[in-house]
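Participant: Quick one: sequence plus predicted model below, questions after.
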Amino acid sequence: MEQKGNILLVEDEENMHETLKLNLEIEGYSITSAYNGTEGLKAVQNEYFDLIIMDIMLPEIDGITITENIRLQHNDVPILILSARSTGADKVLGLKKGADDYLTKPFNLEELLLRVEKLIRKNKQLQDKETIGEIYVFGKNKIDFKAQQAATWDGKQVELSKKEAMLLKLLLENKNEVVTREKILQMVWGYNVYPTTRTIDNFILNFRKYFEEDSRNPKHFHSVRGVGYKYVE
Ligand code: CA
């Protein structure tokens, strides 16, 4: 079946959890389950998701605190919160803290599925928005993505591996913006395959060696500790 998206479901009520999981799986989504706030937060730090469906009232850490935490980590994953209260106060707080959408329990399953689809589609469009061409020039460096080669500032010719070219492209397409580790893992390594942070660091070290005139004082390739990496022209 076609992979429609990777969803984290954070919901402590077992019947509700199983019903949602089953229906989302039937729709073709891949579901990671968390039954309390700690599990939910841990999953976000270890895996890339296209969407998080999150209950507000959860054991250990509530859904609003998790949402706030995710945004503080510069993670833009779409978040749909499920609110049990009818007052509306929770929903507003959730949206203020960075959730993208909400549903109040009890909700219509079909409506949930439609919102899920819409949020994931919107996010994918945003991610695809900027693309760079086959040739990219910065400083005295020139990259040919089609040939997977680079001519560097010191007159060397460098053969790029497929992953190097992919990571380079991702960083260049998001210039002046931090690309999170989660996004790099998803775009370059694919779903659910996790190299260590050091693996990505080694790629960045290579980029500095190739493209920086002074690799110890990089101008172009920066690490943002605990968050991700940034390319600056
Ligand atoms: Ca709950």
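Facilitator: Thanks, I have it.
Participant: Now do the SS call for the residue of the chain most remote from its centre.
Facilitator: The C-alpha centroid of the chain is most remote from residue 155, which lies 35.7 Å away (C-alpha atoms, centre = their mean). Here residue 155 takes the coil state, with states given by DSSP: H, G, I helix; E, B strand; the rest coil.
Participant: And the helix ranked longest in the chain, what's buried?
Facilitator: In the chain, assigned by DSSP state H, the helix with the most residues is helix 109-128. Buried positions in helix 109-128, judged by neighbour count with 16 or more other C-beta atoms under 10 Å: 112, 113, 115, 116, 119, 120, 123, 127. Backbone N, C-alpha and C define where each C-beta goes, glycine included.
Participant: Of the residues you listed, just say which sits nearest to the ion.
Facilitator: Using C-beta to the ion, residue 112 is the member of these that sits closest to the ion, with 15.5 Å.
Participant: isn't the closest one right next to residue 103, touching?
Facilitator: Yes. Using C-beta atoms under 8 Å, residue 112 makes contact with residue 103 at a distance of 6.0 Å.
Participant: list residues touching both of the two?
Facilitator: By C-beta atoms under 8 Å, 6 or more residues apart in numbering, residue 112 and residue 103 have these common neighbours: residue 80.
Participant: rewinding a little: so how far is the ion from the residue farthest from the centre of the chain?
Facilitator: Per C-beta to the ion, to the nearest Å, residue 155 is found 62 Å from the ion.
Participant: Equivalent analysis for residue 174, please.
Facilitator: Applying C-beta to the ion, the value for residue 174 to the ion is 36 Å.
Participant: What is the burial count for that residue?
Facilitator: Number of residues near residue 174 (other C-beta atoms under 10 Å) recorded here: 17.
Participant: List the backbone torsions phi and psi for it.
Facilitator: When quoted as degrees, to the nearest 10, the phi and psi of residue 174 stand at phi -110, psi 40.
Participant: per-residue confidence at it?
Facilitator: At residue 174, the pLDDT value in this model is 90.
Participant: now swap in residue 169 and tell me
Facilitator: On pLDDT, residue 169 comes in at 92.
Participant: For it, what are phi and psi?
Facilitator: Note on residue 169: its backbone torsions stand at phi -60, psi -40 [degrees, to the nearest 10].
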